[in-house]
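# the following block contains a protein sequence and its predicted model.
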Amino acid sequence: MSKINAAITGVAGYLPPDLLTNSDLEKMVDTTNEWIMTRTGIETRHILKGEDQGTSVMGIEAVKSLLKKTNTDPSEVDLLICATTTPDMQFPATANIISSACEINNAFSFDIQAACSGFLYSLVTGSQYIETGKYKKVIVVGGDKMSSIIDYTDRTTCIIFGDGCGAVMLEPNEEGMGIQDHILQSDGSGEKHLHQKAGGSRRPANEQTVANREHYVYQEGAHVFKFAVKNMADVSYEIMEKNNLTADDVAYLVPHQANKRIIDATANRMGVSSEKVMLNIHRYGNTTSGTIPLCLWDYEPKLKKGDNLILAAFGGGFTWGAVYIKWAYDPS
Ligand code: UT7
């Protein structure tokens, strides 16, 4: 029997309609369009507005359009995994909320929290279920409502993040397409450089934590930048080397969209030219778990069966990793 790989057989995404531009940010904090563009490459971000609107709202939209696009009856789905750092609630899992709203009722579902590497961790986890041969349709959702944990008086973080969500369908492939290899890593000593101080069990919400603005992203940007450049570039190079891929063999690098300079450094280390780099950071900013599936969604019309893709991410934790995929279908 030939080996079963997990292949992406469809991709969809959702971005909320409201935009936050650099010129809006110039009115909110001491910054300039020029600084943001040169230091990050970001022009606009989408923001989910309105009462009682959590990450699931975007996940539901993305999954509904994925089901429609792939002609999938919700009852056929075996498993739904949601990568998010901004779940609707501490519990239940946002994956459960999405599944229920999409009438995915014959499945089990759970969340994975690995910050900006969450989608890669979830993709690899989902692929393991497919490879057993027991599970036939696994949906992996990646998305975040970063605006819910961003301090819009902190110019060092509020310029970076946006809201958005993407989703992919994983199915068995016995033709050699799909996920070929992965490298996932974490280093908990990175906690001090990137975290949210309060709201968890160590420091539950109280008047003081709110007054101290501890429910927002705390990031030592320059420090995280150094780790991100090194680890994302190294892991991308390592997975190419491990699979005997040259830059010519790679159709696209699909990098986490945290900072254009980190993306450029990763592409340089791989020897991959800029036209082979998926990029949407200028339009969406850093949507954390959403960046990679949203890139795949944007570039799907350009992808051909057999294309070699290297997905790479780095994020809070620290967490990082790379996934090597042979794309499984031609554009429709
Ligand atoms: O997504 C997962 C993980 N996160 C990342 O990968 C993010 C990694 N870090 C970064 O992308 C960058 O470090 C930032 C975009 C956050 C910051 O860029 P930087 O080039 O590393 O700037 P910096 O933090 O070294 O700050 C340089 C200067 C500072 O001023 P002084 O101290 O030199 O006078 C900052 O106060 O830039 C200042 N600054 C700003 N100036 C205008 C910081 N933010 C801003 C701003 N506008 N928005």
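Now that the structure is in, tell me what you want to look at. Residues are numbered from 1 along each chain as shown.
# right, and Gly316 touches Thr85 too?
Yes. Using C-beta atoms under 8 Å, Gly316 is in contact with Thr85, at 7.3 Å. Where C-beta positions appear, they are placed from N, C-alpha and C, glycine not excepted.
# which intervals of this structure have sub-threshold pLDDT?
Residues of the chain that meet the criterion pLDDT under 70 lie in 1.
# just give me the neighbour total for the residue of it found nearest the ligand.
Using C-beta to the nearest ligand atom, the single residue of the chain nearest to the ligand is Gly221, 2.9 Å away. Gly221 has 16 neighbours, counted by other C-beta atoms under 10 Å.
# who's in contact with it?
Contact partners of Gly221, counting by C-beta atoms under 8 Å, 6 or more residues apart in numbering, are Thr156, Thr157.
# again with Ile139
Contacts for Ile139 (C-beta under 8 Å, 6+ apart) come out as Val63, Leu66, Val77, Leu79, Leu80, Ile81, Ile104, Gly126, Ala167, Val168, Met169, Leu170.
# what do you get for Gln53?
Residues near Gln53 by C-beta under 8 Å, 6+ apart: Lys145.
# residues from the stretch 201-332 of the chain in reach of the ligand?
Taking C-beta under 6 Å from any ligand atom, the part of the stretch 201-332 of the chain that reaches the ligand is made up of Gly221, Ala222, Val224, Phe225, Ala228, Ala258, Asn259, Ile262, Asn286, Gly315.
# for the stretch 51-200 of the chain, same thing?
Residues of the stretch 51-200 of the chain lying near the ligand (C-beta under 6 Å from any ligand atom): Cys116, Arg155, Thr156, Ile159.
# on that earlier part again, can you flag the buried ones in the residues of the stretch 201-332 of the chain next to the ligand?
Gly221, Val224, Phe225, Ala228, Ala258, Asn259, Ile262, Asn286, Gly315 (16 or more other C-beta atoms under 10 Å).
# whichever strand or helix holds Lys68 - contacts with which helices or strands?
Element membership of Lys68 [criterion: DSSP states H and E] is helix 55-69. Packing partners of helix 55-69 (3 or more C-beta pairs under 8 Å, 6 or more residues apart in numbering; DSSP states H and E): strand 5-14, strand 79-83, helix 94-101, strand 138-145, strand 163-173.
# again, only this time at 6 Å
For helix 55-69, the packing partners by 3 or more C-beta pairs under 6 Å, 6 or more residues apart in numbering; DSSP states H and E come out as strand 5-14, helix 94-101, strand 138-145, strand 163-173.
# Gly142 against Leu294, yeah?
No. Contact status for Gly142 versus Leu294: not in contact, 8.2 Å apart, counting by C-beta atoms under 6 Å.
# need the helices for the chain, in chain order.
Assignment of helices within the chain using DSSP state H yields the ranges 22-28, 33-40, 55-69, 94-101, 118-131, 155-158, 207-211, 221-242, 260-270, 281-284, 291-299.
# of all these, which one is nearest Lys305?
helix 291-299 (14.5 Å; C-beta to C-beta).
# relative to helix 55-69, how tilted is that closest one?
Inter-element angle recorded for helix 291-299 and helix 55-69: 40 degrees (by axes from the mean of the first three to the mean of the last three C-alpha atoms, to 10 degrees).
# tell me who's in contact with the residue most central in space within the chain.
For the chain, the residue nearest the mean C-alpha position is Ser289 (2.8 Å; C-alpha atoms, centre = their mean). By C-beta atoms under 6 Å, 6 or more residues apart in numbering, the residues touching Ser289 are Ala83, Thr84, Gly118, Phe119, Gly142, Gly143, Asp144.
# next one: Thr288
Contacts of Thr288 by C-beta under 6 Å, 6+ apart are Thr85, Cys116, Asp144, Met146.
# could you dump those residues into JSON lines and include neighbour count?
As requested, those are arranged in JSON lines below (neighbours: other C-beta atoms under 10 Å):
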{"residue": "Thr85", "neighbour count": "23"}
{"residue": "Cys116", "neighbour count": "32"}
{"residue": "Asp144", "neighbour count": "30"}
{"residue": "Met146", "neighbour count": "27"}
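# got the helices and strands packed on helix 55-69 as JSON lines, with distance to Ile112 columns?
Formatted as JSON lines, these follow (distance: least, C-beta to C-beta, whole Å):
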{"stretch": "strand 5-14", "distance to Ile112": "16"}
{"stretch": "helix 94-101", "distance to Ile112": "9"}
{"stretch": "strand 138-145", "distance to Ile112": "9"}
{"stretch": "strand 163-173", "distance to Ile112": "14"}
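# any common contacting residues for Gly316 and Thr85?
Listed as contacting both Gly316 and Thr85 by C-beta under 6 Å, 6+ apart are Ala115.
# looking at the residues of the stretch 51-200 of the chain next to the ligand, which has the most residues close by?
In terms of neighbours by other C-beta under 10 Å, those top out with Cys116 at 32 neighbours.
# please verify my assumption that that one contacts Gly315.
Yes. Look at Cys116 against Gly315 with C-beta under 6 Å: they come within range, at 2.5 Å.
# what's stretch 13-20 in contact with?
Stretch 13-20 has contacts (C-beta under 6 Å, 6+ apart) with 44-49, 58, 61-62, 163-166, 294, 297.
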